[in-house]
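Peer 1: Sequence and predicted structure are below.
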Amino acid sequence: MRLRMIGLALSALALASSAPAPGILPHEVVDRPEYRTISLEFDAVDEKPVCMLEDWVLTGGPGGGPVVLEVAGKRYPLKSGAVGRCERDCVVRLVKGYAQNTHIPYEAFELPEALDEAPKTVNATLVASSCEGTKPLREESYKATEWMPLGSSEQEICRVFGEVTRWENRDRIRNARQIGESSRKVPDYDRQQLPGGAIFDYYLSRPDAEMADPKEFSRDFRFYILGERARVAGAPRLRQMRDFLISALPPASEIRDFGGEGESVRFKQSNAFGVYMPAMCRMQDLCRPHGVVRTSHKLPCGDIQELPR
């Protein structure tokens, strides 16, 4: 059950080292009565870095005190000592795509068990801290490509897929240089993430309405399944190619104007690398008539199981 926090701002004030003025940050509360826990969650959404205190819940409540849980007309302040106070290096610097979550058990508010299922409100305000003096994160130097339209033809989609394979090759070479391994070494992919595995089967059980979400988390699984369902149903190749391409996008890729006329993608460097192999296999087959840039390693395509018909 997601609850908007008191004092929730409409947009984040992202702060770089050159802009130290603090502001209110938007955040959410997730109530998990099954675990008797309240989660206070902030997601960085701006291109510029934003900073916050690690122990902000100790000063983010009324009058600069601890946060307060309000249930059934009664206030339950965070009790003293329930959350440790940070002593050094207390400013957390975040960039787009990263989150800072604080999980607080009900016991920290001394909430009676009889109120576990009751509606709750958290009286708290998350104030950004100055980023002055903080060390820039490695991610802040990561580069991104220009936006690439997905297009409306097989040739255009395959052209973008060619860029996917080039980016994938560069990612593997970059990673190999960092860890001293051959860029042609085939990773031991987790079978649970491939068709027939438990992780994959979880997403396979979900209806289409829950799958077509462009957000990065589990996008590779979800759109691969949509593509396979379209393929089994005999849908046009263009429809299949679009779903498989979105599944094959490198980690940290972004999609703009999803489903619209200006639908575009761009790739970004990240701490993760490696595209989803089943989608790469399907795209290589579909794009073979239009030419394809091969990956730098052998794809385990012969080991990909079919989806149930």
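Peer 2: Yep, that arrived.
Peer 1: and Leu40, how many neighbours does it have?
Peer 2: Using other CB atoms under 10 Å as the criterion, Leu40 is surrounded by 21 other residues. Where C-beta positions appear, they are placed from N, C-alpha and C, glycine not excepted.
Peer 1: Same question for Ser152.
Peer 2: A count of neighbours around Ser152, defined by other CB under 10 Å, yields 12.
Peer 1: Just give the nearest non-adjacent residue to it, would you?
Peer 2: Among residues not flanking Ser152 along the chain, Leu238 sits closest, at 7.8 Å (CB to CB, 6 or more residues apart in numbering).
Peer 1: in which helix or strand would I find that neighbour?
Peer 2: Leu238 is part of helix 237-248, with elements assigned from DSSP states H and E.
Peer 1: Distance from the chain centre to stretch 46-58, please.
Peer 2: When distances are taken as CA atoms, centre = their mean, to the nearest Å, stretch 46-58 is centred 18 Å away from the chain's centroid.
Peer 1: Then stretch 43-61?
Peer 2: On CA atoms, centre = their mean, the centre of stretch 43-61 falls 18 Å from that of its chain.
Peer 1: again, but for stretch 129-140
Peer 2: Relative to the centre of its chain, stretch 129-140 is centred 21 Å away, using CA atoms, centre = their mean.
Peer 1: same deal with stretch 149-158?
Peer 2: When distances are taken as CA atoms, centre = their mean, stretch 149-158 is centred 26 Å away from the chain's centroid.
Peer 1: returning to what we had before: helix or strand right after the helix holding Leu238?
Peer 2: Using DSSP H and E, the helix or strand that follows helix 237-248 towards the C-terminus is strand 254-256.
Peer 1: average pLDDT for that next one?
Peer 2: For strand 254-256, mean pLDDT is 92.
Peer 1: and if you look at stretch 127-142?
Peer 2: The average pLDDT within stretch 127-142 is 86.
Peer 1: buried sites along stretch 78-86?
Peer 2: For stretch 78-86, a neighbour-count test (16 or more other CB atoms under 10 Å) marks 78, 82-83 as buried.
Peer 1: okay, how far is it across that stretch, tip to tip?
Peer 2: Stretch 78-86 has an end-to-end distance of 16 Å (CA to CA, to the nearest Å).
Peer 1: Can you report how many residues lie near Glu146?
Peer 2: The number of residues packed around Glu146, counting by other CB under 10 Å, is 7.
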